[in-house]
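>>> Structure for the following, please:
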Amino acid sequence: MNKKGAELTLNVMIILIILLIALIVLVIIFSGKTSIFSKTTGGCQARGGSCMDGEECPLGYAPAALGAKLCNSGQVCCILLEGNAQ
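Got it, this is the predicted structure:
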């Protein structure tokens with residue numbers, strides 16, 4: 001068996017496997033499947049807030065940036081102000 005030919009085939013296979021993994025990652029990113037991850041890491045509770053009913057946060061709370069988009073409709077994401085810790 002030709003050792004150079006075997007090494008060349010092994011190198012090509014390794015490169016193809018790496019390219020296939022990179023292609024799969026790119027397909028996942030561009031197909032929008034990462035939204036599952038971003039919903040769990042970017043939610044109101046993940047930012048230290050709570051979803052509260054109404055359009056405004058109660059006294060002692062401040063609305064989170066993009067607060068209305070982090071909660072269900074009719075709710076807003078409110079974060080407890082530091083001086084009001086319970």
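>>> How much space separates Gly74 from Phe30?
Gly74 is 33 Å from Phe30, where distance means Cβ to Cβ, to the nearest Å. In short, each C-beta sits where N, CA and C put it, glycine included.
>>> er, Tyr61 I mean
38 Å.
>>> So if I had to pick from those two, which one is more boxed in?
Each of Tyr61 and Phe30 has its neighbours counted (other Cβ atoms under 10 Å); Tyr61 has more, 19 against 9.
>>> Break the chain down into its structural domains.
Using automatic domain parsing, the domain parsing of the chain gives 1-33, 44-86.
>>> Mind putting those domains into CSV with mean pLDDT?
CSV is the format used below for the domains of the chain (pLDDT from 0 to 100):
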stretch, mean pLDDT
domain 1-33, 82
domain 44-86, 77
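>>> quick check, Val76 in a strand?
Yes: using DSSP: H, G, I helix; E, B strand; the rest coil, the assignment for Val76 is a strand.
>>> Identify the bridge partners of it.
In this entry, Val76 is beta-bridged to Met52, by DSSP bridges.
>>> all strands for this structure, in order.
For the chain, the strands defined by DSSP state E occupy 49-53, 61-63, 75-80.
>>> got TSV for these, with distance to Asn11 too?
TSV is the format used below for the strands of the chain (distance: least, Cβ to Cβ, whole Å):
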stretch	distance to Asn11
strand 49-53	52
strand 61-63	56
strand 75-80	52
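>>> Pick the most buried one from the ones you listed.
Among the strands of the chain, strand 75-80 has the highest mean neighbour count (mean count of other Cβ atoms under 10 Å), at a mean of 20.
>>> Done for today, thanks.
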